[in-house]
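A.B. asks: heads up, no residue letters with this:
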């Protein structure tokens, strides 16, 4: 439990707390288990403090100094840590969901077991972050959001296998599909599954805010893309966002034969990783030609592109 005197001082505000720290620099503050959520703690001096299992939920710790503080098992969900100093801070098993670290210094911090999700802002510096427990050889990374994933990747063979599966088998399908054509699409997806592929559908709504970030993230995971140009002008906008930036990503357009090729499609002819559109007469024609005219050409192109980058 927290030292009662130390808890009383911090409860009187940051100014009094920092003044006390200057008067007694050798005393190590004990705030273990303290409930300090939703507080204005801007500029607080928590250097070398023991904050084990404290709650700082949604508190404002902008410009705070947490150098070498023990923040293990601390709840920091929703906290603001703008320009805070987290040099050498022990954050093992802490909860760091939706924290704002804009301009923060995060150097030499200990992140083993920390829950790190949806971080906001860009730290001014982040390096030498320790992702292993004290009993094991030290492994460091230079990015908070990568830390949790990298540790899991190193430790879990199943995750490594899943990652390999994703990058070799995912097929991203882009389009805007009516209720009638969704039935056709479901059949296409089923056919892709029988080919040992993992279809991922991105269905563009008729009215939406930008989806570019989502499409780009999915494109990074895919082996190739099937882009249905039928009644889907929005697909061209998303392709403009991924095709120029992804020269190793094969794109196979498909188009209902009764429709004209979109005029904007001329833009993509300069990119050799975009194949000629496969035109199909109806659902049956699409199914019958899916493997030979869509999947195989896309996979051949994908292998060619990947080979060029080796």
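C.D. replies: That came in fine, so what should we check first? Computed from a predicted structure; not experimentally measured. Residues are numbered from 1 along each chain as shown.
A.B. asks: Let me see the ranges of the helices in the stretch 151-300 of the chain.
C.D. replies: 157-169, 179-194, 212-221, 233-242, 283-289, 296-308 (DSSP state H, counting those that start in this stretch).
A.B. asks: can you check the stretch 1-150 of the chain too?
C.D. replies: 4-11, 14-23, 144-155.
A.B. asks: out of these, nearest to residue 30?
C.D. replies: Nearest of the helices of the stretch 1-150 of the chain to residue 30, taken as C-beta to C-beta: helix 4-11 at 5.5 Å. To be clear about C-beta, it is placed using only N, CA and C from the backbone, and glycine gets the same treatment.
A.B. asks: residues contacting the residue lying closest to residue 143 once chain neighbours are set aside?
C.D. replies: Among residues not flanking residue 143 along the chain, residue 126 sits closest, at 6.1 Å (C-beta to C-beta, 6 or more residues apart in numbering). Residue 126 makes contact with 104, 105, 106, 107, 142, 143, 144, according to C-beta atoms under 8 Å, 6 or more residues apart in numbering.
A.B. asks: returning to what we had before: could you dump the helices of the stretch 1-150 of the chain to CSV with distance to residue 119 and mean neighbour count?
C.D. replies: Listed next are these as CSV, based on distance: least, C-beta to C-beta, whole Å; neighbours: other C-beta atoms under 10 Å:
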stretch, distance to residue 119, mean neighbour count
helix 4-11, 26, 15
helix 14-23, 24, 14
helix 144-155, 6, 16
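A.B. asks: need the ones you listed in CSV with mean pLDDT, can you?
C.D. replies: As requested, those are arranged in CSV below (pLDDT from 0 to 100):
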stretch, mean pLDDT
helix 4-11, 96
helix 14-23, 97
helix 144-155, 79
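A.B. asks: For those, please prepare TSV with the additional fields distance to residue 195.
C.D. replies: Converted to TSV, the helices of the stretch 1-150 of the chain look like this (distance: least, C-beta to C-beta, whole Å):
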stretch	distance to residue 195
helix 4-11	62
helix 14-23	62
helix 144-155	27
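A.B. asks: so which of the helices of the stretch 151-300 of the chain comes closest to residue 37?
C.D. replies: Comparing those by C-beta to C-beta, helix 212-221 comes nearest, at 31.3 Å.
A.B. asks: residue ranges with poor pLDDT in the stretch 101-250 of the chain?
C.D. replies: Applying pLDDT under 70 to the stretch 101-250 of the chain flags residues 156-167, 176-181, 203-211, 232-234.
A.B. asks: rerun at 90
C.D. replies: 132, 135-139, 143, 145-223, 227-241, 245-246 (pLDDT under 90).
A.B. asks: and the closest residue in space to residue 6 that isn't next to it in sequence, what does it touch?
C.D. replies: Spatially, and ignoring its direct neighbours in sequence, residue 6 is nearest to residue 29 (5.0 Å; C-beta to C-beta, 6+ apart). When contacts are counted by C-beta under 8 Å, 6+ apart, residue 29 touches 3, 6, 10, 21, 46, 48, 49, 50.
A.B. asks: Return the member of those residues nearest to residue 68.
C.D. replies: Of the contacts of residue 29, the one sitting nearest to residue 68 (C-beta to C-beta) turns out to be residue 48, at 5.1 Å.
A.B. asks: Just read off the phi/psi values of the closest one.
C.D. replies: phi 60, psi 10 (degrees, to the nearest 10).
A.B. asks: Pretty sure it sits against residue 68.
C.D. replies: Yes. The criterion here is C-beta atoms under 8 Å, and residue 48 meets it with residue 68 at 5.1 Å.
A.B. asks: Now do residue 82 against residue 60, distance only.
C.D. replies: 8 Å (C-beta to C-beta, to the nearest Å).
A.B. asks: I meant to write residue 115 there.
C.D. replies: Where residue 60 is concerned, residue 115 sits at a distance of 21 Å (C-beta to C-beta).
A.B. asks: how much space is there between residue 194 and residue 295?
C.D. replies: 11 Å.
A.B. asks: Kindly report the same for residue 227.
C.D. replies: 14 Å.
A.B. asks: Could you do residue 247 as well?
C.D. replies: 21 Å.
A.B. asks: still on that earlier bit, when residue 194 and residue 295 are compared, which one has more neighbours?
C.D. replies: Set residue 194 next to residue 295 and count neighbours by other C-beta atoms under 10 Å: residue 295 wins out with 19 against 8.
A.B. asks: The residue nearest to that one when sequence neighbours are not counted: neighbour count?
C.D. replies: Leaving out its chain neighbours, the residue that sits closest to residue 295 by C-beta to C-beta, 6+ apart is residue 195, at 6.1 Å. Using other C-beta under 10 Å, residue 195 has 14 neighbouring residues.
A.B. asks: likewise residue 117?
C.D. replies: 12.
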